[in-house]
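Chemist: Sequence and predicted structure are below.
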Amino acid sequence: MVNSAMQVGGFFMSIIGWILAIVCCALPTWRRSDLEGEVIESVYRTTGLWVRCTHQTTGLWSCDDYDSFFLGLPASLQAARGTTCLSMAMGFLGILFCGTGLDCTNVASGNPKLKSRLVLVSALLHVIAGISIGIAVSWFAANVLQEYTNILNRPQNSRYVYGEALFVGWISMAISIIAGLVLCCSSWKNEDHDEGRHYAYNPPKPKPAAAEYI
């Protein structure tokens, strides 16, 4: 009963982590311009994985795509795109495996060992998803920090700070890794319990008394 509750809790946590990874990927605010370094503070810019946007205090905003899809982009942006997409893919596969391996589902209900193995694979996938989104946002954040502190190579009036998407990504990383650990613990306990069922004590049968010959 406790293992089933842990599985369900880890399953819903994994869904939340996967949704946050999607939100992080879609948000155009991986970094935003620092208004303190701007000459005109009524206009600020944001940068995401796929678009760059310009916002005005009047409520008007416009976004445009990058000039190229992959080649020619900064290394931090390329890495963020690749690892974020990997995180979403691993999270989706992890949800599928976990959904079929839960004790409350009827899939492979006659093979509890297989169900525990599916949950264990799901746990591994969610840990990989969390690490991937963590690499994406951390590498991008390190690049933002380097550009912020490097005054010589920074163009004038283009100082950027961390955007909201980075914090969403870090939260997604934490939730996905915790969900993977919870699922891993529940699957190990189930597997040990299932393996224990196969052993039964069979007392030795008494040997028949030897026949006496006269």
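Modeler: Yep, that arrived. For clarity, every value in this text was computed on a predicted model and none was experimentally measured.
Chemist: Tell me the buried residues in the helix or strand containing Thr84?
Modeler: Using DSSP states H and E, Thr84 falls within helix 75-101. Buried residues in helix 75-101, counting neighbours by 16 or more other CB atoms under 10 Å, are found at 76-77, 79-81, 83-84, 86-91, 93-95, 97-101. C-betas here are computed from N, CA, C, even on glycine.
Chemist: Likewise for stretch 128-145?
Modeler: Within stretch 128-145, the residues scored as buried using 16+ other CB under 10 Å are 128-141, 143-144.
Chemist: Restricted to helices, list those residues.
Modeler: 128-141, 143-144 (DSSP state H).
Chemist: out of those, which one sits closest to Ser172?
Modeler: Lowest distance from Ser172 to these (CB to CB) belongs to Ile133, with 5.2 Å.
Chemist: Now for the residue lying closest to Val43 once chain neighbours are set aside, how many residues are close by?
Modeler: Excluding the flanking residues, the one nearest Val43 by CB to CB, 6 or more residues apart in numbering is Gln56, at 5.4 Å. Using other CB atoms under 10 Å, Gln56 has 12 neighbouring residues.
Chemist: so how far is Arg45 from Gln56?
Modeler: According to CB to CB, to the nearest Å, Gln56 and Arg45 sit 10 Å apart.
Chemist: what's the next secondary structure element after the helix or strand Leu124 falls within?
Modeler: Using DSSP H and E, Leu124 sits within helix 112-149. Counting by DSSP H and E, the next helix or strand C-terminal to helix 112-149 is strand 160-162.
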